[in-house]
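> sequence and predicted structure are below.
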Amino acid sequence: MVERLRLDPARPLIICDADEVLVQFVAGLERFLERNACYLDLTSFRIHGNVKHKASGEPVADEAVSDLLKAFFASETRHLDAVPGAARALEDLGARAQIVILSNLPETSREARIENLADHGIRYPVVAGKGPKGEIVKRMVAPDQRVVFVDDLPPHLSSVAAETPHVRRLHFIADRRLAKLMPASPDAHRRIDDWPTAAQWIASVIDGT
C-alpha cells in the first residue's frame, strides 16, 4: 500500500493515526462490549485485563478479549464517532501539507475505516498497519522532508523516533479518561489532546516557524 501512495517529497507530510486521534475507538468499544454483556474497566491504559463480565465483574480471559476485538473491528469500524475538531483541523492543514492516515487494524477492515472517516469529512489515503509504525513511516518520508507524526500510543512514537528522528512527533489522546491514565511520551516533541491546539502546533512545524 505504501508503494502506491503518490507522495511529493518536496511537500510537508502529516501522518496521522485514527483510533483516539480521529475517531472515538474506546467509546465505540464500550458500546460493543455492552451488547456482549461486558464492560471496559478503565483503571489502566490497556484492554486485555480490563474487559470484564458485567454479571460477575471478573476479567474476561485474554483469548476471549482478542476474539471480541476481532469482532469489534469487523462490525464496528464503519460506525465510530469522530473526534471533535479533527475533520476541520485536517481540512485546514491539507492546504499546506499532504496527509496520510496510518492506522493499525486488520486489512479486512480498511475499507470500513475509509468509509467511516469519509462520513466525517476525512478523506485521505488510509494505510492499514500492523505492529510498530517506525518502519512503515520510514518508507513514506524523505530525509529532509518536514513531517509530523500523530499517534496516541507511546510505543509507536518511540518506533518512529528510532527510525526517522527528523520526524516531529505529537502525542494525542482524545478520550479524556485515557489521557489521564497515560503520561506524555518521552519520545514525543509535544503532548496535545485537542485538535484546535494540535492544529496550531502542526502548522508551525510544517511551516517551519
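Sure, I can see it.
> per-residue confidence averaged over the longest helix along the chain?
Criterion DSSP state H: the longest helix present in the chain is helix 62-76. Averaging pLDDT along helix 62-76 yields 97.
> how does this protein divide into domains?
2-24+82-206, 26-79 (automatic domain parsing).
> now H79: how far from D19?
14 Å (Cβ to Cβ, to the nearest Å). (C-beta placed from N, C-alpha, C; glycine too.)
> and the two? which has more neighbours close in?
Looking at H79 and D19 with other Cβ atoms under 10 Å, you find the greater number of neighbours at D19, namely 23 against 14.
> show me what contacts the more buried one?
Counting by Cβ atoms under 8 Å, 6 or more residues apart in numbering, D19 makes contact with F25, S103, N104, L105, D152.
> neighbouring strands for the longest strand seen in the chain, and are they parallel or not?
In the chain, with assignment by DSSP state E, the single longest strand is strand 98-104. Applying DSSP bridges, strand 98-104 is found paired with strand 13-16 (parallel), strand 126-129 (parallel).
> tell me what the helix or strand just after it is packed against?
Note on strand 98-104: by DSSP states H and E, the next helix or strand toward the C-terminus is helix 110-119. Helices and strands touching helix 110-119, by 3 or more Cβ pairs under 8 Å, 6 or more residues apart in numbering; DSSP states H and E, are strand 98-104, strand 126-129.
> looking at these, which is nearest to R168?
Smallest distance to R168 across the helices and strands packed on helix 110-119 (Cβ to Cβ): 14.6 Å, for strand 98-104.
> what sits up against the closest one?
5, 7-8, 11-19, 22, 90, 93, 113, 117, 122, 124-131, 133, 136-137, 140.
> hang on, the earlier thing: just say which of the domains of the chain is most tucked in.
domain 2-24+82-206 (a mean of 18; mean count of other Cβ atoms under 10 Å).
> quick one: residues in contact with stretch 142-160.
9-17, 19-21, 97, 132-135, 137, 141, 164, 166-174, 178, 182, 185-188, 198, 202, 205-206, 208.
> before we move on, what about stretch 198-209?
Residues outside stretch 198-209 that contact it (Cβ under 8 Å, 6+ apart) are 12, 14, 85, 89, 92-93, 96-97, 146, 148, 150, 168, 170, 172, 190, 192.
> okay, S75 and F25: tell me how far apart.
For S75, the distance to F25 - Cβ to Cβ - is 14 Å.
> I should have written N104 there, sorry.
11 Å.
> where along the protein do the helices fall?
Under DSSP H, the chain gives helices at 25-35, 62-76, 86-93, 110-119, 134-140, 154-163, 176-181, 195-206.
> from the chain's centroid, how far away is the fifth one?
Same thing as helix 134-140. Distance of helix 134-140 from its chain centroid, counting by Cα atoms, centre = their mean, to the nearest Å, is 15 Å.
> what sits against the nearest residue to E58 once chain neighbours are set aside?
Excluding its sequence neighbours, the residue lying closest to E58 (Cβ to Cβ, 6 or more residues apart in numbering) is K52, at 6.2 Å. Applying Cβ under 8 Å, 6+ apart, one finds that K52 lies in contact with C38, Y39, L40, D41, E58, P59, V60.
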